[in-house]
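>>> My questions are about this predicted structure, shown below with the sequence.
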Amino acid sequence: MKNLNRILIAISFLTLVNCKSTWVKTTENTVEKINDRSVLIDRIEKIKRKDHFMKSEFYKYGKSKILKSEFFSDTLMRTNSETYLKDSLIIKEVYFGIEALSPPTDKNEPYARVFKEVYYFNSSKNGILKKKEIEIKNFGEYEKAKSKLIEMKFKTTEINHIDYLKIKENYEQIIELFKNTNHNNGYN
C-alpha cells in the first residue's frame, strides 16, 4: 500500500511538472510572437543626474504589450526588466542586473547581488519563478560573477498572487511616468 501511494504521488508530481512546463513553453511562444510583431509606441528617459537615470520603452501588438525598463544608479543599482502582458494579464517578467543588498556589517559580508529572475504567470493567482543569483563582496567581482551567472542553472519555485501584485504595481508605476510626461499613447 505504501508503494502504491508513493507511485501515485510520483505520478501526480510528474503530471503537475509537465503541465507547468507546457504552459511555460506556451508563454515563451507567445512572448516570441509579441517580440516579433510589436511596435514601439513610446519611450521616456528620466535623468536626475548623469549617474542616475531610468529609461523605458513601451511596445504594443494588438492586446499584447511589452514594457522594457533600465535603471542605473552609481550607488550600485543597474537593473533591466521586460514585462509582457497579454489581454491585460502579466504573463512574463524578466528582471536582471546588479543591486545592493543591506549595508554589510563587516567586510566579509556581501554587499550586492548579480541576478536574473524570470517570472511566469498563467493567472493573477499563480505562477513560477526561475531565479539565479551570486552575491559579491566588492564591485571588482561584478564581471566575473556576471559570466558565472550565465553558466548557473535556475532554481524554480512556485509563486502566488502577492508576487503578481508586486510586479503589476511596478509596471503601473512606470506606466504612470509615461502618462505624466504628457504622452497618451494607449497604455491601458
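Everything's here; your move. Numbering: from 1, shown residues only.
>>> Mean pLDDT per helix and strand in this protein: which one sits at the bottom?
Sorting the helices and strands of the chain by mean pLDDT, DSSP states H and E puts helix 2-37 at the bottom, at a mean of 68.
>>> Going by neighbour count, list what's buried in the following helix or strand past it.
Scanning the chain past helix 2-37 towards its C-terminal end, the next helix or strand to appear is strand 39-49 (assignment: DSSP states H and E). Neighbour counts using 16 or more other CB atoms under 10 Å place Ile41, Asp42, Ile44 of strand 39-49 among the buried residues. To be clear about C-beta, it is placed using only N, CA and C from the backbone, and glycine gets the same treatment.
>>> Any figure for the gap between the first one and Glu28?
Pointing back at Ile41 there. Taking CB to CB, to the nearest Å as the measure, Ile41 falls 23 Å from Glu28.
>>> Same question for the second one.
When CB to CB is applied, the distance between Asp42 and Glu28 equals 26 Å.
>>> quick one on the thing from earlier: mind putting the buried residues of strand 39-49 in a markdown table, distance to Trp23 and pLDDT included?
Compiled in a markdown table, those are given as follows (distance: CB to CB, whole Å; pLDDT from 0 to 100):
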| residue | distance to Trp23 | pLDDT |
| --- | --- | --- |
| Ile41 | 28 | 91 |
| Asp42 | 30 | 90 |
| Ile44 | 33 | 88 |
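>>> With only the CA atoms kept, save stretch 38-53 in PDB.
In PDB, the C-alpha atoms belonging to stretch 38-53 read as follows (Å, rounded to 0.1, in the frame of the first residue of the first chain):
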ATOM      1  CA  SER A  38       5.200  44.600 -31.500                       C
ATOM      2  CA  VAL A  39       5.800  48.200 -32.500                       C
ATOM      3  CA  LEU A  40       7.500  50.800 -30.300                       C
ATOM      4  CA  ILE A  41       4.700  53.200 -29.100                       C
ATOM      5  CA  ASP A  42       6.700  55.400 -26.700                       C
ATOM      6  CA  ARG A  43      10.000  56.000 -25.000                       C
ATOM      7  CA  ILE A  44      10.900  58.000 -21.900                       C
ATOM      8  CA  GLU A  45      14.200  58.900 -20.200                       C
ATOM      9  CA  LYS A  46      14.300  60.300 -16.700                       C
ATOM     10  CA  ILE A  47      17.700  61.600 -15.900                       C
ATOM     11  CA  LYS A  48      18.100  63.000 -12.400                       C
ATOM     12  CA  ARG A  49      21.900  63.300 -12.700                       C
ATOM     13  CA  LYS A  50      24.500  61.900 -15.100                       C
ATOM     14  CA  ASP A  51      25.000  58.900 -12.800                       C
ATOM     15  CA  HIS A  52      21.300  58.300 -12.000                       C
ATOM     16  CA  PHE A  53      18.700  57.500 -14.700                       C
END
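>>> That concludes my questions; thank you for your assistance.
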